[in-house]
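Asks: After the sequence you'll find the predicted model.
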Amino acid sequence: MTDTSAMTEIRPGREIMQRMIVKKFATPLKHQKLPTSSSSSGEEEMTIKNELDFLFVHGSCAYSSQFNLLIDEIGKAIEVKNSNNNSNKGIITAARFHLFDSLGCGKSRIENEGDIAWEDFSEPQLQQDLETVSYSIFDKYPSSSIYIVGHSYGTSQ
């Protein structure tokens, strides 16, 4: 497992902390193919590479680390799924978990509070942040589908 994080300027003057956790999964022995010198079709059966991408979105006054235990449980579920799979086509070889701390939350600190207005936390601004993060994932992994996981402890409005 690798866990990397970096502060990223997603728009001019708007910097957030982004994380990516990558978990790789071993192919169960029953799915590993040893090379043979003879094959009826001339082609070896190969395990199809399946990689999953998850984007975790937290609510206000929260942070990305709140999802760490859930990511561990998803990893365990994938391992169980792989071990119970009877076909190479459904083996999941890796999962990438993308997380970010919204502006002013977690490690996305505001350096100078005088530079921030209430409008910076409006729904359109937060939506634009989410779109920017999502598009950056699609740019890096163009053939991927993203599973979005969101959670909020509620609202005061």
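Replies: Alright, I've got the coordinates.
Asks: from here on, contacts and neighbour counts on C-alpha atoms
Replies: Noted.
Asks: Point to the residue nearest the middle of the protein.
Replies: Phe97 (2.3 Å; CA atoms, centre = their mean).
Asks: Just grab the bridge partners of it for me.
Replies: Counting by DSSP bridges, Phe97 is bridged to Ile21, Phe54.
Asks: got the contact list for it?
Replies: Phe97 makes contact with Met20, Ile21, Val22, Asp53, Phe54, Leu55, Phe56, Ile71, according to CA atoms under 8 Å, 6 or more residues apart in numbering.
Asks: quick one, what contacts the first one?
Replies: So the one you mean is Met20. Contacts of Met20 (CA under 8 Å, 6+ apart): Thr2, Asp3, Thr4, Ser5, Arg96, Phe97, His98, Leu99.
Asks: cutoff 10 Å now
Replies: Residues near Met20 by CA atoms under 10 Å, 6 or more residues apart in numbering: 2-6, 53-55, 96-100.
Asks: What is the nearest of those residues to Tyr63?
Replies: Nearest to Tyr63 among the contacts of Met20 is Phe100, at 7.7 Å by CA to CA.
Asks: residue ranges of the helices in the chain, please?
Replies: Applying DSSP state H to the chain gives helices spanning 68-84, 123-140.
Asks: Low-confidence stretches in the protein?
Replies: Applying pLDDT under 70 to the chain flags the ranges 28-49, 88, 153-157.
Asks: rewinding a little: turn the helices of the chain into CSV, including mean neighbour count and distance to Pro12.
Replies: Putting the helices of the chain into CSV (neighbours: other CA atoms under 10 Å; distance: least, CA to CA, whole Å) gives the following:
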stretch, mean neighbour count, distance to Pro12
helix 68-84, 14, 29
helix 123-140, 14, 12
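Asks: Redo the ones you listed as TSV? Include distance to Ser152.
Replies: Listed next are the helices of the chain as TSV, based on distance: least, CA to CA, whole Å:
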stretch	distance to Ser152
helix 68-84	14
helix 123-140	14
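Asks: Which of these sits closest to Val149?
Replies: helix 68-84 (10.1 Å).
Asks: sorry, back to before: just the buried residues of the contacts of Met20.
Replies: Among the contacts of Met20, those scoring as buried are Asp53, Phe54, Leu55, Arg96, Phe97, His98, Leu99, Phe100 (criterion: 16 or more other CA atoms under 10 Å).
Asks: and which of those residues is nearest to Lys89?
Replies: Nearest to Lys89 out of these is Asp53 (CA to CA; 17.5 Å).
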